[in-house]
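> here are the coordinates; sequence isn't available:
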């Protein structure tokens, strides 16, 4: 019997689970160790052993929120987990666990999961995944393989600029991340939070303004709930957010001509409220020769895509 | 001896040349037949026979300015050559010429040429080509292979939106090509022409304004020449153009993590005046983990990249 452990490393928690012929097992979680590489590796080992639940496993896959040099499993600059950076994670973990370990970008392994069906068979050979969370991640599958680029940095589409006014006299903001005008700055969860704050402040009579006056939390989640309940100000905000995501989707289609564009991450929880206007906007910007070809859908595996994709990475790399 | 004929189909002319062990032979050209598919195919046959110069050849490659369904060689919607659209060019030409024929996008075959050295050996396995001409074309090489996407439309990065102000209340322009805010609208030759016209009209005392008053042509080429001669208004215009191209380059690097980004097309003729500021802008927008890795350079084969790439496509597809 073959089995694989998937590890999904986020800025707040590390999650693991075991994949075998019965599917994905129970998920185990701990808060991410942010500032000590040795303790972070200890945490990975402990969580892998918990997920194994006393059974054997053949390999371990790890998804991390960073550009990854795949050969060594070394993370290169992450926004929020200093303990990850520069450590040859593949060898370090493999030595401790006694099985092969494979490390890749978190959105990339989520994309790898989404290219599979519920029987874990590869069913989509050309796919772009956009994860809409606090930030925006991207993962690309090309011709049935994970696309990593020359140094492990391919698919960082959250950092693509979509809304820059090209005036050279504007102070040059290059080097700020998220860069103003990037997909991440305009379509991530934080962008929605910021959009929600504006009418809360400027329109005291609006539902968001009244919520703010009542001391309630006025963020993206609140705006999404109000929009779902029919509030027009909140709907405008969600539509604006969806517009930015729609541009990201259209750019992905015009650039990659994929069979599927998959929207995942916490933002996917906004569901059709986000996805339907984003799809309509995207369709308008897609080249006529590509229109109607790519399917745009929500992530099939929801929040499990990261752990599952890491386990599938381990399975498929071991087979090679 | 093996030999291949390359055909480069543009909106104004069709060019052909023969590639053999001595390199690329003389180029033959005719104005493109725009509105009659039968006559366009006749033109291709005539030009291929001219390029053969009485020698035999093993296969023919054709680059066309369109999304191409590679299996059939069918062009899908071109902006300016109606006679191309919908014809199964591969079979039609192969039947007439008696050798295998391969058809692909023009910027894609140019990218394929640029991935080779002057001995026509593949020397770069991950490359993005941006052709800056009247429009903007894109060609992508991944892991040593041409990247076509699911339906032949990959690499249409000229149509990626880089400068859209994401206000949902702005009338939705989706469906216009080039779309306002797209790389093509902001960085193509036509964008420079338009930029040059503005000070010519609003600043009669500027060099461009005086040129306009004197009845001279005030276009991108004039602005480039004046910028090279040190005129500050013209330099601002070229810098603004370079800013848009720089964003296109940064997006290509953050998306594809290539070894090289190659700038070709007529715009490459502006040389360092365009390329140096564009590179500096791009470097600022590239993710820290990817900075300094991709080489940004001008096309090695200049205007011959299209014909050469088409011939190399024929050579390499025949070998498969």
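Yep, that arrived. Just so it is clear, the model here is predicted, and its values are computed rather than measured. Numbering: from 1, shown residues only, chains lettered A, B, ... in the order given.

> For the rest of this, base every contact and every neighbour count on C-alpha atoms.
OK.

> And the lowest mean pLDDT element among the helices and strands of chain A?
Lowest by mean pLDDT, DSSP states H and E among the helices and strands of chain A is helix A:189-202, with a mean of 84.

> and that helix, what other elements does it pack with?
In terms of contacts (3 or more Cα pairs under 8 Å, 6 or more residues apart in numbering or on different chains; DSSP states H and E), helix A:189-202 is packed against helix A:207-213, helix A:220-228, helix A:232-256.

> Taking their axis directions, it and helix A:220-228 sit at what angle?
70 degrees (axes from the mean of the first three to the mean of the last three Cα atoms, to 10 degrees).

> Would you indicate which residues of helix A:189-202 are buried?
Buried residues in helix A:189-202, counted by 16 or more other Cα atoms under 10 Å in any protein chain shown: A:189-193, A:195-197, A:199-201.

> what does stretch A:17-35 give?
With the criterion 16+ other Cα under 10 Å, stretch A:17-35 contains buried residues A:17-20, A:24-25, A:27-29, A:32-34.

> Where does chain A get nearest to chain B, which residue?
residue A:162 (3.9 Å; Cα to the nearest Cα).

> Please enumerate the strands of the stretch 1-150 of chain A.
Along the stretch 1-150 of chain A, counting by DSSP state E, counting those that start in this stretch, strands occupy A:4-9, A:13-20, A:23-24, A:28-31, A:59-64, A:67-69, A:74-76, A:101-105, A:127-132, A:136-142, A:145-146.

> which other residues reach the fourth one?
Surrounding strand A:28-31, the residues in contact under the criterion Cα atoms under 8 Å, 6 or more residues apart in numbering or on different chains are A:12-17, A:43, A:47, A:50-51.

> now do the second one
Taking contacts as Cα under 8 Å, 6+ apart, the residues outside strand A:13-20 that touch it are A:1-9, A:24-32, A:44, A:47-48, A:51-52, A:307-308, A:311.

> same question, the last one
For strand A:145-146, the external contacting residues (Cα under 8 Å, 6+ apart) are A:108, A:112, A:125, A:140.

> and the two most separated of those?
A:108 and A:125 (13.8 Å; Cα to Cα).

> that older thread, identify the residue spatially nearest to the residue of chain A closest to chain B, adjacent ones excluded.
Using Cα to Cα, 6 or more residues apart in numbering or on different chains and skipping residues adjacent in sequence, the residue nearest residue A:162 is residue B:162, 3.9 Å away.

> residues in contact with residue A:245?
Residue A:245 neighbours (Cα under 8 Å, 6+ apart): A:183, A:186-187, A:278.

> if you count what's nearby, which of residue A:108 and residue A:125 comes out ahead?
residue A:108 (33 against 20; other Cα atoms under 10 Å in any protein chain shown).

> shouldn't that one be in contact with residue A:139?
Yes: between residue A:108 and residue A:139 there is a contact at 3.9 Å, judged by Cα atoms under 8 Å.

> can you list residues touching both of the two?
Shared contacts of residue A:108 and residue A:139, counting by Cα under 8 Å, 6+ apart, come down to A:129, A:155.

> so where is chain A shaky, pLDDT-wise?
A:164-176 (pLDDT under 70).

> Bridging across strands, which residues link to the residue nearest in space to the middle of it?
In chain A, the residue lying closest to the centroid (Cα atoms, centre = their mean) is residue A:131, at 3.2 Å. Note on residue A:131: beta-bridge partners residue A:137, residue A:264, judged by DSSP bridges.

> could you measure it against residue A:249, distance?
In this view, residue A:131 and residue A:249 are 11 Å apart by Cα to Cα, to the nearest Å.

> ditto for residue A:96
On the measure of Cα to Cα, residue A:96 and residue A:249 end up 41 Å apart.

> So these two - more neighbours on which side?
For residue A:96 versus residue A:249, neighbours defined as other Cα under 10 Å are more numerous around residue A:249 (26 against 11).

> Who are the contact partners of that one?
Residue A:249 touches A:261, A:278-279, A:282, counting by Cα under 8 Å, 6+ apart.

> circling back: so the residue of chain A closest to chain B makes contact with residue A:182?
Yes: if you go by Cα under 8 Å, residue A:162 and residue A:182 touch, sitting 5.6 Å apart.

> Comparing the two, which residue is more hemmed in?
Neighbour totals were compared for residue A:162 and residue A:182, and residue A:162 leads with 32 against 26 (other Cα under 10 Å).

> residue contacts, that one?
Applying Cα under 8 Å, 6+ apart, the residues near residue A:162 are A:181-183, A:247-248, B:161-164.

> With residue A:201 instead?
Per Cα under 8 Å, 6+ apart, neighbours of residue A:201: A:209, A:212.

> Then the one 10 residues further on?
Contacts were defined as Cα under 8 Å, 6+ apart; by that measure residue A:211 touches A:200, A:217-218.

> again with residue A:289
By Cα under 8 Å, 6+ apart, the neighbours of residue A:289 are B:67, B:76-77, B:153.

> Now stretch A:303-311: buried residues?
A:304-311.

> Out of those residues, flag the one nearest to residue B:232.
Among the buried residues of stretch A:303-311, residue A:306 lies closest to residue B:232 (Cα to Cα), at 52.4 Å.

> Now that closest one: which helix or strand?
helix A:305-319 (DSSP states H and E).

> Count the residues that sit near residue A:133.
Around residue A:133 there are 18 residues (other Cα under 10 Å).

> Quick check, it in contact with residue A:270.
No: with contact defined as Cα under 8 Å, residue A:133 does not count as touching residue A:270 (11.1 Å).

> ok now do residue A:76, which residues does it touch?
Contacts of residue A:76 (Cα under 8 Å, 6+ apart): A:66-69, A:85-86, B:289.

> out of the residues you listed, which one sits closest to residue B:231?
For the contacts of residue A:76, the nearest to residue B:231 is residue B:289 (37.5 Å; Cα to Cα).

> Would you confirm that that closest one belongs to a helix?
Yes: counting by DSSP: H, G, I helix; E, B strand; the rest coil, residue B:289 is located in a helix.

> So it versus residue A:10, what's the distance?
From residue B:289 to residue A:10 the distance is 18 Å (Cα to Cα).

> again, but for residue A:319
As judged by Cα to Cα, residue A:319 and residue A:10 stand 27 Å apart.
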